[in-house]
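Using only what follows, build the 3D model:
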Amino acid sequence: MSRRGRLARYLAGRALLAPVMLWLIATLVFLLLRVAPGDPVDALLGTRASAAARDALRQQLGLDRSLPVQYVEFLQGLVHADLGQSLVSARPVTQIVREVLPASLELGLAALLVALVLGLAAGFSGIARPEGRLDLAGRLYGIATYALPSFWAAMVLQLIFAVGLGWFPVGGRFPPTRVPPSGSGFYLLDGLLAGSWSTVTAALHHLTLPAVTLGLLLSGIFDNALRLNLRRALRSDYVEAARSRGLGEVRVVLRHALPNALLPVLTIAGITVASLIGGALLIENIFSWPGIALKLQEAINQRDYPLVQGIVVVVAALVVLVTLVVDVLVALLDPRLSF
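All right, here's what the predicted structure looks like:
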């Protein structure tokens, strides 16, 4: 079988595996919520409500049904892209997710861009003189940013640049005195499409500090990955062959070593999407960013089963989709891979 045929079979297998992974994640979340301590009725009515009121609300919310019946109804809703209704607000979960997801995606994409720029610059800095001062500084940068506690680093940067210097807002996504732009939910994109530079400036002003904070914490991953893979590539046979042909060191690095060293970084970028979800929870809390991670915490505290399930399923679907896209790109760009 040709490589193209093996690649098509591999991608078809990955595409068929994605729904199975989502089903397993959805089932696990469904069961964990039911066995976790706490009751949605207590969260809504309090512990002093009468037994009659509690039973009436439990029947209204469908929590009086058996666990298998609830599970079957949950799966039927997933098949029809219906995530149910929030127990607290009685609004469709799909609508709630659609409102908060753009904020998290905007923050995550901006943070990923910052992480790539800082991490790749730090990883490439010590190539000219390995074991030199610049190389040592890049190593220390990668270790420090990777090891820093995200909540501590976020509060320190917030105290310095928001409270102390006053360069950025302490929190929020848009000035409270202005009406947010309508449209896709991505404030930067909506401002650009509307030609409103004041909207773009205001949104960017609020986005910069949380995005830089999250990107800074993730940049050490790319720094270490590029540094290790670039050194391995510079010691490879094909790079030595290029040098023996009289090519300059700059051309050897940029044309031969760097492209091969960046392929593992592309894979890591896809994996980092999952890290963005976990890291964004603390960042969104500290900076009061109205994203999906903050909404997930609120839903967990309120024991809002459908909202928690819906958010987790949507996030899992995004992670699976990004991972699949990265696998396709790596398979297309790297002819050395076999399937």
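
Tell me where the stretch 101-250 of the chain has helices.
For the stretch 101-250 of the chain, helices defined by DSSP state H, counting those that start in this stretch occupy the ranges 133-147, 150-157, 187-194, 197-234, 237-244, 249-251.

if you average pLDDT over the first one, what comes out?
Here the mean pLDDT over helix 133-147 is 78, rounded to a whole number.

Ok, the second one next?
Confidence for helix 150-157, expressed as mean pLDDT, is 85.

now the angle between helix 197-234 and that helix, please.
Counting by axes from the mean of the first three to the mean of the last three CA atoms, to 10 degrees, helix 150-157 lies at 130 degrees to helix 197-234.

Next, the buried residues of helix 150-157.
The neighbour-count check on helix 150-157 (16 or more other CB atoms under 10 Å) flags 150, 153-155, 157 as buried. Heads up, the C-betas are built off the backbone N, CA and C, glycines and all.

ranking the helices of the stretch 101-250 of the chain by mean pLDDT, which is last?
When those are compared by mean pLDDT, helix 249-251 comes last with a mean of 68.

re the thing from before, with respect to burial, which of the helices of the stretch 101-250 of the chain scores highest?
Of all these, helix 197-234 has the most neighbours on average by mean count of other CB atoms under 10 Å, namely a mean of 21.

Can you give the distance of it from its chain's centre?
Centre-to-centre, helix 197-234 and its host chain are 13 Å apart (CA atoms, centre = their mean, to the nearest Å).

Stretch 87-97 too?
22 Å.

what do you get for stretch 286-294?
For stretch 286-294, the distance to the chain centre is 13 Å (CA atoms, centre = their mean).

Going by neighbour count, which residues in it are buried?
So for stretch 286-294, counting by 16+ other CB under 10 Å, buried means 286-287, 289-294.

Quick check: the farthest pair among these?
Taking CB to CB as the measure, the buried residues of stretch 286-294 span a maximum distance of 15.8 Å, between Ile286 and Ile292.

what residues are up against the closest residue to Thr208 other than its chain neighbours?
Of all residues not flanking Thr208 in the chain, Phe168 sits nearest, at 5.9 Å (CB to CB, 6 or more residues apart in numbering). Contact analysis of Phe168 by CB atoms under 8 Å, 6 or more residues apart in numbering lists 161-162, 205-206, 208-209.

Output those residues as CSV; include the columns distance to Gln85.
What follows is the contacts of Phe168, written out as CSV (distance: CB to CB, whole Å):
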residue, distance to Gln85
Phe161, 41
Ala162, 37
His205, 36
His206, 31
Thr208, 36
Leu209, 35
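
before we move on, back to that, so of the buried residues of stretch 286-294, which ones are in helices?
Counting by DSSP state H, the part of the buried residues of stretch 286-294 found in helices is 286, 292-294.

from those, which is closest to Ser236?
Ala293 (41.0 Å).

residues in contact with the residue nearest to that closest one when sequence neighbours are not counted?
Of all residues not flanking Ala293 in the chain, Leu281 sits nearest, at 4.0 Å (CB to CB, 6+ apart). Taking CB under 8 Å, 6+ apart, we find Leu281 in contact with 293-294, 296-297.

Distance check, Phe74 against Ala162.
Noted for Phe74: a distance of 42 Å to Ala162, by CB to CB, to the nearest Å.

the more surrounded of those two?
For Phe74 versus Ala162, neighbours defined as other CB atoms under 10 Å are more numerous around Phe74 (20 against 16).

my read is the more buried one is in a helix, agree?
Yes. Assigned with DSSP: H, G, I helix; E, B strand; the rest coil, Phe74 falls within a helix.

That one reaches Leu83, doesn't it?
No. Phe74 lies out of contact with Leu83 (CB atoms under 8 Å); the separation is 9.1 Å.

intersection of neighbour lists for those two?
Residues touching both Phe74 and Leu83 (CB under 8 Å, 6+ apart): Gln309.

still on that earlier bit, let me know which of the helices of the stretch 101-250 of the chain is the nearest to Pro68.
Comparison of those against Pro68 by CB to CB identifies helix 150-157 as nearest, at 39.6 Å.

which residues sit against the closest one?
209-210, 212-214, 216-217, 279, 282-283, 286-287.

Give the full set of residues in contact with Ala202.
Taking CB under 8 Å, 6+ apart, we find Ala202 in contact with 174-175, 178.

Kind regards, and thank you for your time.
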